[in-house]
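Novice: Need a 3D model of the following:
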Amino acid sequence: MKPQVSMRDALADPQLLGGAIPGDSWLPWRTLLIAAMGEALTDEERAIFTALTGREREPLSLVEELVAICGRRAGKTRAAGTLGAYVGTLCDHSEYLAPGERGVIPILAQSLDGAARAFMHVRGVLEHSPLLAEMLDGEPTQDTIRLASGVDVVVRPANFRTIRSITAVAAICDEVAFWMIEGTANPDAEILNALRPSLATTGGPLMVISSPHAKRGEVYKTFRRDYGPAGDPAVLVAKGPSRSFNPTLPQKTIDRAYARDPEVAASEFGGEFRNDIAAFVTREVVEACVLPGVRERGRIHEHGYVAFVDPSGGLNDSMTLAIAHQEGETAVLDAVRERKPPFSPEAVVAEFCALLKLYGITEVTGDRYGAEWVRSAFDRAGVPYHHADRTRSELYRDLLPALNSGKVELLDLPEIVTQLCALERRVARGGKESIDHPPHGHDDVANAVAGALSLVRASAAPSVGMFLSSAVRAGIARSRA
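Specialist: As a prediction, this is how the structure comes out:
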C-alpha cells in the first residue's frame, strides 16, 4: 500500500476527507488514524495518543492492526469508514494486484445489518467529498462500492468462509467482541485468522472496532497482550470511555446509565470489560463428555427415555428436541433434533412426536414459550406436553456439576459443544446469577440438551425426583416396558 496523500493532509483538505471527521470533537480519532498510518503527531495529539494507547510515542510506521475498544456512541464506525475511504481512494495498490485483479476492502460484522451501517459510513464519506465522489465507478449497490482506483468496498457477514479467496487492501471488523457463529469453536479467532493472510501481500491495515464485553475472546486477548508500551509495535490498541473519543456525548446520559446499572454502563459507556460475565464451562470439559463419532443412539428397550423440547414459533429461533436416558450414574444423550426457521410449528411437532414414539416416550417436557399453543399442538399429536418447573438458567446450573464430573455422555454434534461453551454466567446487581447465551448468540440446542439431561438425572435420583411430574415419571416407566 502506497499512500498518494498523507492521512493528515487528506483529513485537512475539504476537497478530500476534510468533512469526514472534522472539528475538535473528532481530534482523538484523527490522532489515531494519523498515527496508524505511520505519520508523526503534534505535541497536543501525542498527549491524546498516550492517554488512549498507553504508549508515549506514535509508531512512525504503518501499523498492521488498529484495535479501538471504546464505549457506545464513541464514533468508531464513522472513523472506520473514514479509514476505508482513505485506503480505497488515496492509496495505490497496483503493485500488489495481478493484472485485472481488484483489491477488496471487506467490512465484516456479526450481521449484515451491522456491516451495512459501517458500509454506509464509507459511502457517506466518499459521496460528501468533492474529489473522492468522482472516483465512484457507477452507482453503489447495497453491498458493493466500486472505485475507479481498482478497489471494491464490500459488505460481508463475519464468517471465515467468505473472506478466504480475496486480496484485501484493508479490512474493517465491527463489534468483534460480540461475534458468534454457530458450529465454530472460536469464531472471532477463526475469522481474524482467515482474514489476516488476505492483507499480507498488500500491507493494508486491519481495523477492529468494538465495545468491550466479557473478559474473553480476541478483543480481550489483544488488549491484554498489546495495549501499552510492551505491546507489539505493529498492533496499535486504543481503549477508553465513550467521552474520551466523543466529548460531545452528554454526561447526563452517561450518569443516568450508571444510576440504572453501573456494571452495564461501565461496559457500554466506560469502555471497561465486564466483571459480571464469565464463561459457563470450558471447552475442554464439554469435549471430554463427547463420545467421538457417535451422532445418535438408537433405542434400547431396557432403558427408559425422557425428552425435552425448546419450542419456537418458526420465524426467529430454532425448535429443538433432545432425548436422553440414564445408565448407572451417567446421563446419556441419545438424539437431538433442530429445525431452523422458517418452518411450520405444527409440522415440526408432528415430526418430533414421531421420533418420541420410536423411543417409547409418551410425554414431553419443555419451557413455557407460546403458552397454550405448544401444549395443544403436542396434545393433538397424542403426546402430552408438560411445562418445566425450572428456567433454562436453572437447567444449565444443574447440568454443570455433571459436566465437570464427567457424568454426562454427549453426542458428537458441533452445535452442542459450541452453544454450551458460548454460554455466559452473569451476576445481577442484587447478586442473582443467570446463565444465558451471549448477545446475538443462540442456545436452542443447548437448552433442549440441558433439559433432557436434567430430567433423566432427576428420574434416577430419589432426592430430586420431586422435580418430575407424576405424568413424566409414569411416562419413563412406560418407556421401559
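
Novice: What lies in contact with stretch 46-58?
Specialist: 27-28, 31-32, 34-35, 39-41, 227-229, 231, 236-240, 244-245 (C-beta atoms under 8 Å, 6 or more residues apart in numbering). Quick note: C-beta positions are derived from backbone N, CA and C, even for glycine.

Novice: could you redo the last one with a cut-off of 7 Å?
Specialist: Residues from elsewhere that reach stretch 46-58, judged by C-beta atoms under 7 Å, 6 or more residues apart in numbering: 27-28, 31-32, 35, 40-41, 227-229, 236-240, 244.

Novice: what do you get for stretch 156-172?
Specialist: Stretch 156-172 has contacts (C-beta under 7 Å, 6+ apart) with 1, 80, 83-84, 87, 93, 97, 101, 103-112, 115, 118, 151, 179, 181, 190-191, 194-195, 198-199, 201-202, 204-207.

Novice: Same check on stretch 19-28?
Specialist: Under the criterion C-beta under 7 Å, 6+ apart, residues 29-30, 48, 52, 75, 78-79, 82, 85, 125, 128-129, 244-248 lie in contact with stretch 19-28.

Novice: Quick check: bridge partners of residue 333?
Specialist: For residue 333, the beta-bridge partners are residue 324 (DSSP bridges).

Novice: Out of the contacts of stretch 156-172, which sit inside helices?
Specialist: Mapping the contacts of stretch 156-172 onto helices (DSSP state H) picks out 80, 83-84, 87, 112, 115, 118, 190-191, 194-195, 198-199.

Novice: how near is the nearest residue to residue 121 once chain neighbours are set aside to residue 100?
Specialist: Distances taken as C-beta to C-beta, 6 or more residues apart in numbering place residue 81 nearest to residue 121, at 2.9 Å, with adjacent residues excluded. For residue 81, the distance to residue 100 equals 28 Å [C-beta to C-beta, to the nearest Å].

Novice: give me every residue that touches the most centrally placed residue in the chain.
Specialist: Taking C-alpha atoms, centre = their mean as the criterion, residue 179 is the residue nearest the geometric centre of the chain, at 2.1 Å. By C-beta under 7 Å, 6+ apart, the residues touching residue 179 are 110, 158, 187-188, 191.

Novice: quick one: which of those residues is nearest residue 412?
Specialist: Nearest to residue 412 among those: residue 187, at 19.7 Å, using C-beta to C-beta.

Novice: From the structure, what's the count of residues near that closest one?
Specialist: Neighbours of residue 187 under the rule other C-beta atoms under 10 Å: 23.

Novice: Let's see the pLDDT reported for it.
Specialist: Note on residue 187: pLDDT of 81.

Novice: Could I get the full set of strands for the stretch 351-481 of the chain?
Specialist: Counting by DSSP state E, counting those that start in this stretch, the stretch 351-481 of the chain has strands at residues 364-366, 385-387, 408-409, 424-427, 433-436.

Novice: Ranked by average pLDDT, which of these falls at the bottom?
Specialist: For these, where the average pLDDT is lowest is strand 424-427, sitting at a mean of 84.

Novice: That one packs against which elements?
Specialist: Strand 424-427 is packed against strand 277-279, strand 433-436, with contacts defined by 3 or more C-beta pairs under 7 Å, 6 or more residues apart in numbering; DSSP states H and E.

Novice: which of the residues in it are buried?
Specialist: 424-426 (16 or more other C-beta atoms under 10 Å).

Novice: Any chance of a markdown table for those residues, columns distance to residue 448?
Specialist: Formatted as a markdown table, the buried residues of strand 424-427 follow (distance: C-beta to C-beta, whole Å):
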| residue | distance to residue 448 |
| --- | --- |
| 424 | 19 |
| 425 | 20 |
| 426 | 21 |
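
Novice: where does the residue lying closest to residue 434 once chain neighbours are set aside land on pLDDT?
Specialist: Among residues not flanking residue 434 along the chain, residue 393 sits closest, at 4.6 Å (C-beta to C-beta, 6+ apart). On pLDDT, residue 393 comes in at 93.

Novice: burial count for residue 393?
Specialist: Residues lying near residue 393 (other C-beta under 10 Å) number 18.

Novice: quick one: contacts for it?
Specialist: Applying C-beta under 7 Å, 6+ apart, we find residue 393 in contact with 434-436.

Novice: Drop anything exposed from those residues.
Specialist: Buried by 16+ other C-beta under 10 Å: 435-436, out of those.

Novice: okay if I get the contacts of residue 393 as a markdown table plus distance to residue 382?
Specialist: Listed next are the contacts of residue 393 as a markdown table, based on distance: C-beta to C-beta, whole Å:
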| residue | distance to residue 382 |
| --- | --- |
| 434 | 35 |
| 435 | 34 |
| 436 | 33 |
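
Novice: Pick the one among the contacts of residue 393 closest to residue 299.
Specialist: So of the contacts of residue 393, ranked by how close each gets to residue 299 (C-beta to C-beta), first place is residue 435, at 31.1 Å.

Novice: Just the buried ones among the contacts of residue 179, please.
Specialist: Buried by 16+ other C-beta under 10 Å: 110, 158, 187-188, 191, out of the contacts of residue 179.

Novice: of all the residues you listed, which comes closest to residue 262?
Specialist: residue 110 (25.9 Å).

Novice: Isn't the closest one up against residue 177?
Specialist: No - at 9.8 Å, residue 110 does not count as touching residue 177 under the criterion of C-beta atoms under 7 Å.
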